[in-house]
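Enquirer: No letters, just coordinates:
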């Protein structure tokens, strides 16, 4: 389990214990002489939770089960460990990477560019360089290394990440870099769509306006906790993580609806092949 997931699981357990105790976040903050926003960040898994924090909170919540307390303390220690991505400097979507590293499957919709897990190195580097303002060569290199390292999950021979991706037609027709680069990327996309654990469908322009087409999203599911999925909404300056059951059901419904309106995987392969032809012959 990644440190990110441990942190979120620990936060969720501390929230449950607080609610069982009948205390509000404000009351907890007042009694422990800390800020209420810190309580919220800990419960949402957005900040480090020290064993000392766990001890103080559990004492306040009246937790007497020493086995439970010991388990939470261990989780706090393990959540303080750094993920592999921390070695590459400040990556703004590090929370997402931590969740992705532990996810069993991801259902997503991409209306602008092909998702990072399906990108070729050349396409990925071009997207990074052209979409991040004032990015330095070192930053671009680190972002690319992280993106390619993330792709190891879909090539895992034992437990590959299962993907169900819906791409808007514009992702195939938007020329990123050059026609030659796009041809390489789309050929790679068709090859991935032949993998048994990867499903790619294209939502053609002819499908019209549909729920969800105004922005990209990804639904992450976890094998060891099917009820604790996360919806990830990527933003320009900050990201949003939705965990309420109603939000998950809403986006599951949108994704299912988009799937019914999108081309089948086989029809998608033919559609992508047709667009590949529009980008000219392969480089010698």
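Expert: Arrived safely. Model, not experiment: these values are computed from the prediction.
Enquirer: Can you tell me the element the residue most central in space within the chain falls in?
Expert: The chain has residue 96 as the residue nearest its centroid, 4.3 Å off, counting by CA atoms, centre = their mean. Using DSSP states H and E, residue 96 sits within helix 94-102.
Enquirer: Rounded mean pLDDT for the next helix or strand after that helix, please.
Expert: Going down the chain from helix 94-102, the next helix or strand is strand 105-110, by DSSP H and E. Rounded to a whole number, the mean pLDDT of strand 105-110 is 96.
Enquirer: other SSEs contacting strand 105-110?
Expert: strand 162-168, strand 217-221, helix 245-261 (3 or more CB pairs under 8 Å, 6 or more residues apart in numbering; DSSP states H and E). No exception for glycine: its C-beta is placed from N, CA and C like everyone else's.
Enquirer: Relative to residue 269, which of the ones you listed is closest?
Expert: Ranking the helices and strands packed on strand 105-110 by their distance to residue 269 (criterion: CB to CB) puts strand 162-168 first, at 12.4 Å.
Enquirer: which residues touch the helix holding residue 96?
Expert: Applying CB atoms under 8 Å, 6 or more residues apart in numbering, the contact partners of helix 94-102 are 1-5, 8, 45-46, 83, 85-86, 91, 106, 146, 150, 153, 161, 220, 222, 230, 232, 234, 239, 241.
Enquirer: which SS state does residue 241 fall under?
Expert: strand (DSSP: H, G, I helix; E, B strand; the rest coil).
Enquirer: my guess is it contacts residue 232, does it?
Expert: Yes. The criterion here is CB atoms under 8 Å, and residue 241 meets it with residue 232 at 6.1 Å.
Enquirer: More neighbours: these two, which one.
Expert: Between residue 241 and residue 232, counted using other CB atoms under 10 Å, residue 232 has the larger neighbour count: 21 against 17.
Enquirer: quick one: contacts for that one?
Expert: Counted by CB under 8 Å, 6+ apart, residue 232 has contacts 96, 99, 217, 218, 219, 220, 239, 240, 241.
Enquirer: Pretty sure it sits in a strand.
Expert: Yes. Checked against three-state DSSP, residue 232 lies within a strand.
Enquirer: beta partners for it?
Expert: As for beta bridges, residue 232 partners with residue 218, residue 241 under DSSP bridges.
Enquirer: how much space between it and residue 103?
Expert: To residue 103, residue 232 is 10 Å away according to CB to CB, to the nearest Å.
Enquirer: how many neighbours does residue 142 have?
Expert: Neighbours of residue 142 using other CB under 10 Å come to 19.
Enquirer: Check the secondary structure at it for me.
Expert: Per three-state DSSP, residue 142 ends up helix.
Enquirer: so what's the residue nearest to it when sequence neighbours are not counted up against?
Expert: Spatial nearest neighbour of residue 142, excluding adjacent residues (CB to CB, 6 or more residues apart in numbering): residue 88 at 4.4 Å. Contacts for residue 88 were tallied using CB under 8 Å, 6+ apart; they are 142, 143, 145, 146.
Enquirer: Contact partners for the first one?
Expert: Right, the one you point to is residue 142. 88, 89, 91.
Enquirer: In the stretch 151-284 of the chain, where is pLDDT below threshold?
Expert: Across the stretch 151-284 of the chain, the ranges flagged by pLDDT under 70 are 226, 281-284.
Enquirer: and with 50 instead?
Expert: Residues of the stretch 151-284 of the chain meeting the criterion pLDDT under 50: 283-284.
Enquirer: re earlier: can you lay out the helices and strands packed on strand 105-110 as CSV showing mean neighbour count?
Expert: Shown next, in CSV, are these (neighbours: other CB atoms under 10 Å):
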stretch, mean neighbour count
strand 162-168, 23
strand 217-221, 21
helix 245-261, 15
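Enquirer: between these, which one is nearest to residue 59?
Expert: Nearest of these (CB to CB): helix 245-261, 30.5 Å.
Enquirer: Quick one: residues in contact with that closest one.
Expert: 107-109, 164, 166, 201, 203, 207, 210-213, 217, 219, 227, 229-231, 242.
Enquirer: Please indicate which of those are buried?
Expert: 107-109, 164, 166, 201, 203, 207, 210, 212-213, 217, 219, 229-231, 242 (16 or more other CB atoms under 10 Å).
Enquirer: On the three-state scheme, residue 199 is what?
Expert: Residue 199 ends up strand, using three-state DSSP.
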